[in-house]
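**Q** here's my sequence, what's the structure:
(one chain, ligands or ions: 2)
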Amino acid sequence: MEAQCLQQITREGGLAASQVSAQTQHRIGELGFVRKLSGKRLTGQFIRPVQGFYNRCLVQRNDVSVQQQGLPAQLQLWGRQLGFSQIGVAPVDLSHAEPGLLAWLAAGHHGSMDYMQRHGLVRARPTELVPGSLSIITARMDYLPRRSTGDAPIARGNDVEAESAALINDMSALLAHESQRLHQPTEAVVSVYARGRDYHKVMRQRLQQLAQQLQAEVGPMGHRVFTDSAPVLEAELAVQSGLGWRGKHTLVLQRDAGSFFFLGEIFLDMALPQSEPVSDHCGSCHACISACPTQAILAPYQLDARRCISYLTIEHDGPIPLPLRPLMGNRIYGCDDCQLVCPWNKFAVRSSLPDFDERHGLGSAKLVQLMQWDEAMFLRMTEGSAIRRIGHVRWLRNLAVALGNALRAQPALSADESQALRKAASMWLTHDSEVVRECVAWALEDESTR
Ligand code: SF4
Ligand code: SF4
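**A** Ligands and ions are numbered 1, 2, ... in the order given. As a prediction, this is how the structure comes out:
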């Protein structure tokens, strides 16, 4: 599932985050050896000379002489140059998160994400995923596009305060625009993080570059890069390393950046000084819980993925449960509602990278327009995008549900709008997939037969 997505949901363990793809390569670190110092917080130097196989490479570690004080700052600097907003260092001991993860799985809140069950506690045990890991570099990357459809022109002068106020107003306008689209039934709303280039590619490439820069400084080291690509408790690592606190919606958020950011990690076979966690600033707010259209946030920090629209539109295979369909509105890929209402997102920051700029008008797309994409068109238009992963069948299924909601909308659509929607849906009444056929038939049901 999705960016920190999650909304990138799917968030794990009532513990956030997004899509976790199955690891298809050989199990990393199986040949590996490295010293294990689990549970111990290291505040000083790197581990002294180490030799061993790590990720199938012979690693010869020389005595490391990097300044303890200088390296964290250097990592931040390199991170910024690579487009990251913040870098942290997390410990490898997440045993405190195990009970929560087990309870979440036991309650079945992971839905049909069987891989979550299969991976079990590996998710909370980084050293089982990558034996020999001693610390984990965490990174976050803001993903709001540099400009988006709803932006008004902003006048900015040299006055820092005025500029900062303009940026806040600018963000408020963006959030308002996104919220407003949810009330326009013929719009096709794609979660903001998914409108540009696939973040997996962007993040992985840049994390790899960061690791290479570190290696150039400290000498050979074993490392492994992840971004939503393995059983990793990303949000928990982010929290432990001070990238933010866990919001009641289970995503990580930050006072200066809100929650619209991706997370990624570099597992290392060396111990780096750990960065300090930050305090929680949710206070008595519960806006995200109240705003969730499907009541997927059962209580603060408890997410039932089976009800979450991010899960339903991205991770879930098969038909969408009937009682949830009307609650999904016009959200066809992911859901941003719990973030749109979060007061801290007034301080969200736009990406500095062009990668997350909207593609193919996905920030203002209409249901009729997207429903007309056949599979070839879908593949073409989603090339290099995270959306492609769900395939054309789920794409049509999601559109059909949104289209059915539009046809049921009150006040009713105009006759022309209604006719255009019906025509677009009817194209798929004989689709090979039973799921698509059923959802389209549901969308086109007459009032009398509902
Ligand atoms: S608002 Fe609810 S449905 Fe939407 S992403 Fe948040 S938890 Fe999921
Ligand atoms: S909406 Fe309120 S409760 Fe939810 S994450 Fe934001 S600050 Fe916390």
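**Q** flag the shaky bits of this structure, pLDDT-wise.
**A** Along the chain, the parts satisfying pLDDT under 70 run over 1-69, 148-169, 447-450.
**Q** return the residues of it in contact with ligand 2.
**A** Applying CB under 6 Å from any ligand atom, we find that the chain lies next to ligand 2 at 247-249, 253, 282, 285-288, 341-344. Where C-beta positions appear, they are placed from N, C-alpha and C, glycine not excepted.
**Q** return the subset of these lying in helices.
**A** Here DSSP state H is the test, and these give 287-288 as lying in helices.
**Q** could you pick out the buried ones from the residues of the chain next to ligand 2?
**A** Listed as buried from these are 247-249, 253, 282, 285, 288, 341-342, 344; burial here means 16 or more other CB atoms under 10 Å.
**Q** would you format those as a markdown table with distance to residue 439 included?
**A** Conversion of those to a markdown table gives the following (distance: CB to CB, whole Å):
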| residue | distance to residue 439 |
| --- | --- |
| 247 | 32 |
| 248 | 32 |
| 249 | 27 |
| 253 | 34 |
| 282 | 37 |
| 285 | 36 |
| 288 | 28 |
| 341 | 28 |
| 342 | 31 |
| 344 | 36 |
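**Q** quick one: which of those sit in strands?
**A** The members of these that map onto strands under DSSP state E are residue 253.
**Q** just the element for residue 273, please.
**A** Secondary-structure element containing residue 273, defined by DSSP states H and E: none, the residue being outside all helices and strands.
**Q** isn't it right up against residue 89?
**A** Yes - with contact taken as CB atoms under 8 Å, residue 273 and residue 89 are classed as touching, separated by 6.5 Å.
**Q** please state the offset of the helix or strand harbouring residue 416 from the chain centre?
**A** Element membership for residue 416 (DSSP H and E) is helix 415-426. Helix 415-426 has its C-alpha centroid displaced from the chain centroid by 33 Å (CA atoms, centre = their mean, to the nearest Å).
**Q** tabulate the CA atom coordinates of that helix in CSV.
**A** What follows is helix 415-426, C-alpha atoms only, in CSV (Å, rounded to 0.1, in the frame of the first residue of the first chain):
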residue,chain,number,x,y,z
ALA,A,415,-29.4,15.0,-17.5
ASP,A,416,-26.4,15.5,-19.7
GLU,A,417,-24.0,14.6,-16.9
SER,A,418,-26.0,11.6,-16.0
GLN,A,419,-26.1,10.4,-19.5
ALA,A,420,-22.4,10.8,-20.1
LEU,A,421,-21.6,8.9,-16.9
ARG,A,422,-24.0,6.1,-17.9
LYS,A,423,-22.5,5.9,-21.4
ALA,A,424,-19.0,5.7,-20.0
ALA,A,425,-19.9,2.9,-17.5
SER,A,426,-21.9,0.9,-20.1
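**Q** buried stuff in that helix?
**A** Across helix 415-426, burial judged by 16+ other CB under 10 Å covers 417, 420-421, 424-425.
**Q** thought residue 366 was touching residue 417, still the case?
**A** No - counting by CB under 8 Å, residue 366 is not a contact partner of residue 417; they are 9.8 Å apart.
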